[in-house]
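Q: Provided below for reference: sequence and predicted model.
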Amino acid sequence: MLGIVAYALGAMYSPGPVNLLGLNIGINGQARQSVGFCLGVGTAMLAYLLVLGWAGAAWIDDEALIVVSALGCGYIVYLASKIARSSVDISEPDNAPRLVSYRDGLVMQLLNPKAILATLPIATLQFPAAGIEGISLVGWALGLAMLAAGAPGSYIVIGSLVGQRIGNANIVKRFNWVMAGLLIAVALSIGYEHVWVPLTSMAL
């Protein structure tokens, strides 16, 4: 049981596109507006844990993962462009344009290959090995989904603490550009590892 929690913490709280976006949200002073985004991430993880826990890995074959990864790359680039083009007004952070919403958190995590790869071992290996099924599976899925929602939330808190020390809008704007670049780099990495490499190996 502790192994499941330990694996989930390591997989969910390590840097990735969703957590990087959470860091950016915090630095831009939008922590209060980010609850929906975190809930969206948690909802996506709950869906994956329940579907894979009941149906097994058969629902996510290699071809499906390629499609999801390609869509995820496109969505990450879209959100990166929103960050790069967003205006910065650190004097009134609560009135800043909302970069992300519940829908953004839900869609981004559903299309995040890292989310699938994180939940597959839990749902298809660790749950059956621990005898977790039926109602207990739902309970575990809910608990792990809350942990997943807390992952970007923790990065948002860190970003907020850093953002409070920044008093220059130009610095925040430059940081937005850096974060947008990092997200695009993540998208390219995902695209290469989960789209390009599998497609070229199939062609051989």
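A: Here it is on my side, so go on.
Q: residues of the lengthiest helix in the chain that come out buried?
A: In the chain, taking DSSP state H as the definition, the longest helix is helix 135-163. For helix 135-163, burial by neighbour count (16 or more other CB atoms under 10 Å) applies to 137-138, 140-141, 144-145, 147-157, 159-160, 163. Backbone N, C-alpha and C define where each C-beta goes, glycine included.
Q: From the contact counts, what lies against that helix?
A: helix 2-13, helix 17-27, helix 35-55 (3 or more CB pairs under 8 Å, 6 or more residues apart in numbering; DSSP states H and E).
Q: Can you get me a residue count around Arg32?
A: 10 (other CB atoms under 10 Å).
Q: likewise Gly72?
A: Quick note: Gly72 (other CB under 10 Å) scores 27 neighbours.
Q: Please apply the same query to Glu133.
A: 13.
Q: residues in contact with the nearest residue to it once chain neighbours are set aside?
A: With CB to CB, 6 or more residues apart in numbering as the criterion, Glu133 has its nearest non-adjacent residue at 7.1 Å, and that residue is Phe127. Shown in contact with Phe127 (CB atoms under 8 Å, 6 or more residues apart in numbering): 4, 53, 133, 137, 140.
Q: What separation do you get for Phe127 and Asn24?
A: Relative to Asn24, Phe127 is positioned 33 Å away (CB to CB, to the nearest Å).
Q: Same question for Gly53.
A: Distance from Gly53 to Asn24, counting by CB to CB: 32 Å.
Q: Among these two, which residue is more densely surrounded?
A: Asn24 (28 against 21).
Q: quick one: which helix or strand includes the residue nearest to the more buried one when sequence neighbours are not counted?
A: Computed as CB to CB, 6+ apart, the closest residue to Asn24 that is not its neighbour in sequence is Met179, at 4.3 Å. Assessed by DSSP states H and E, Met179 sits inside helix 169-191.
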